[in-house]
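>>> Using only what follows, build the 3D model:
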Amino acid sequence: MDKTVIMKKTRTTQCKGKEAEHLFFSMLLKKGFDVYTPLVDDNRIDALVRLGANKYVEIQIKSREADVKSPRGLADIKYTKGKSNYWFAIHTKHNNEPIWWLLSAKDFEKHATGGENDVWGITLNKDNPAHKRFILDEKRWEIFSQ
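Next up is the predicted model:
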C-alpha cells in the first residue's frame with residue numbers, strides 16, 4: 001500500500017483564514033473561555049465567547065499573512081456599524097513577526113476607514129502609539145474580564 005502524503009504547495013485564502021480562526025480559538029480556550037462557533041458563517045461572526053453568566057461577545061477574526069505595508073493594511077472587511085458587543089481579532093505580521101490585535105467595534109470604527117456599503121479597511125502599526133494598546137498581550141486579555 002502506497003503511504004505517500006501529498007502536500008499542497010499553496011494554501012487558499014479560505015484555508016489561511018480558517019487557520020487563523022482556529023489559532024485564535026485555541027488561544028481563547030487556553031485562557032479558559034468558552035468558545036462557540038456558528039455552523040454557517042453568514043453573519044460575520046466567527047465565534048461567540050462567553051465572558052460570564054449571560055454575557056457573550058461576538059468576534060470576527062481577520063488575518064493577513066504578508067507584512068502589512070499597503071496604505072490600508074487589511075481591506076474589504078465587511079462590518080455593519082454600531083455593534084456594542086462585537087470585537088475584531090486581527091492577525092498580521094510586522095517585520096515577519098506575527099502580531100494579534102484585539103479591537104472593540106467602537107475602536108475599529110474610530111481607526112478604520114471607509115464604511116461605504118459596510119466595507120472597511122484598517123492599517124495597524126505596532127510602532128504607532130495609538131495602535132499599541134490593541135496588541136494582544138497578557139494585559140489586553142483582561143479587557144474580557146471587565
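>>> what secondary structure does residue 87 sit in?
Three-state call for residue 87 (DSSP: H, G, I helix; E, B strand; the rest coil): strand.
>>> Count the neighbours of it for me.
Close neighbours of residue 87, defined as other C-beta atoms under 10 Å, add up to 22. Placement of C-beta: from N, CA and C, glycine included.
>>> same deal with the one 4 residues further on?
Residue neighbour count, defined by other C-beta under 10 Å, stands at 22 for residue 91.
>>> Could you report the separation of it from residue 60?
Distance from residue 91 to residue 60, counting by C-beta to C-beta, to the nearest Å: 12 Å.
>>> Whichever strand in the chain runs longest: which residues count as buried?
Scanning the chain for the longest strand, with DSSP state E as the assignment, gives strand 55-67. Residues of strand 55-67 classed as buried by neighbour count (16 or more other C-beta atoms under 10 Å): 57, 58, 59, 60, 61, 62, 63, 64.
>>> What of stretch 24-40?
Within stretch 24-40, the residues that qualify as buried are 24, 25, 28, 33, 35, counting by 16+ other C-beta under 10 Å.
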